[in-house]
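K.L.:
Got a sequence here, can you build the structure:
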Amino acid sequence: MTQHVDVAIVGGGIIGCALAYTLAKDGMRVAVYEKERVGGQARVAAAGILGSGVEGGPNDHALNLSARSAQLYPEFAAELAAATGLDATYVRSGAVTVVFGESQAAFLERKAADMAAQGQRVTWLTSREVRELEPLVAERARGGLYFRDDAHVYAPQLMHVLTLAAVAQGVDLHEYTPVHGFLTAGDRVTGLQTAAGPVSAGHVVIAAGAWSGLLGEFLDVPLPLKPTRGQVMVLTTYDRPLQRVVFGAGGYLAPKQDGRIVVGATEEDAGFERENTAGGVAFLSNILQRLAPGLADARVGHLGVGLRPTSADGLPILGPVASRPGLWVAAGHHRNGILLTPITARLMANAIRAGELAPLAPFTPARFAAQQQSQ
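P.N.:
Have a look, this model is predicted:
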């Protein structure tokens, strides 16, 4: 027996679930199909950093998308909290990027002045001021950029709240239900073939993170994505020794309200291997020792590992697939999936529901098809 929905989404990570929630609020019938447990990388390895100033990509489009999404987050989190009665864990704490060399310090001090002149709430801090703000930062730090408006969430809790809100809106979440193929009529994609049976849909969305490119291969749709492994170490503390996210030494320390501190993260080309390694743990320990050696005695709560979906040009892949009517993609967010969740859900929902495609133009999947044809 074939199930019928307005939108079928492949992938139950934070992007897929946020899009499902947003579409369902607009009155559409939505089903999500996830081959593992709903929550994916957000549940096991995401640091939950909402730092548009720090985490924005090298491309102007990525920077703009990050900033717009960061602006949406307070409303997004408050809405989820109101829908579920649970804390979505949004905290506007600020973030500090510290440096250890004189030349780096001089460069960032100039950068801070330029950014402040553009209206951003960014301040250069001397070494003494950094330690006044965060006393555990290493004494050898020469200074740092203080991004006053950056925020963070506890990703597993945010994912839990989002999942409950989506179900409350009528979204059908199918865990442990892999997709084996697509239903088509000519070039049009009309649904999915899942482990639970066929599903017909007016729209099909590939939102499977690092696995999205493999799904595109079913339909000869080029989605050049590769998995980038990221290992994290989560410390357990009881007195919240850090108040703000601290970047530097090639990584970060991301504190949470319950005293956890996420130390991250590696960036490894390891295919689809999802195991912590001795080298990765050593790398994380070095970050901790360089940024805040006073935390070296903190207890390790657990280690995590996730796969970031990294596109060939560093930009997300968002929008319809021109060669396959009915098919959409929302993937390729690399390490900014949590940050870009609200804007991705809003732009994709507006495009699917109302045909508002212009805002997605810089991120269209068609850019890769054009590149393929020119080669």
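
K.L.:
what about the closest residue to Ala141 other than its chain neighbours, which SS state?
P.N.:
Once flanking residues are discounted, Ala141 sits nearest to Val98: 4.4 Å by Cβ to Cβ, 6 or more residues apart in numbering. Every residue, glycine included, has its C-beta placed from N, CA and C. Per DSSP: H, G, I helix; E, B strand; the rest coil, the secondary structure class of Val98 is strand.

K.L.:
is Val98 in a bridge, and if so with what?
P.N.:
Bridge pairing for Val98 (DSSP bridges) gives the partners Gly144.

K.L.:
where's it relative to Ala106, distance?
P.N.:
Separation of Val98 from Ala106 (Cβ to Cβ, to the nearest Å) stands at 14 Å.

K.L.:
Can you pick out the residue with more neighbours from those two?
P.N.:
Neighbour count, other Cβ atoms under 10 Å: between Val98 and Ala106, Val98 has more, with 28 against 13.

K.L.:
From Val130, how far off is the more buried one?
P.N.:
Going from Val98 to Val130 by Cβ to Cβ gives 6 Å.

K.L.:
got any residues that touch both of the two?
P.N.:
Val137, Ala141, Gly143, Gly144 (Cβ atoms under 8 Å, 6 or more residues apart in numbering).

K.L.:
Could you measure from the second one over to Gly191?
P.N.:
Distance, Ala141 to Gly191, by Cβ to Cβ: 55 Å.

K.L.:
What of the last one?
P.N.:
As defined by Cβ to Cβ, Gly144 lies at a distance of 52 Å from Gly191.

K.L.:
do the first one as well
P.N.:
As defined by Cβ to Cβ, Val137 lies at a distance of 53 Å from Gly191.

K.L.:
And Gly251, by the same measure?
P.N.:
Taking Cβ to Cβ, one finds Gly251 at 43 Å from Gly191.

K.L.:
and if you look at Tyr252?
P.N.:
From Tyr252 to Gly191 the distance is 41 Å (Cβ to Cβ).

K.L.:
How about Ile287?
P.N.:
Distance from Ile287 to Gly191, by Cβ to Cβ: 46 Å.

K.L.:
And the pLDDT at Thr2?
P.N.:
Here the pLDDT value assigned to Thr2 is 72.

K.L.:
Provide a list of residues in contact with it.
P.N.:
Gly191, Gly197, Pro198, Val199, Ser200.
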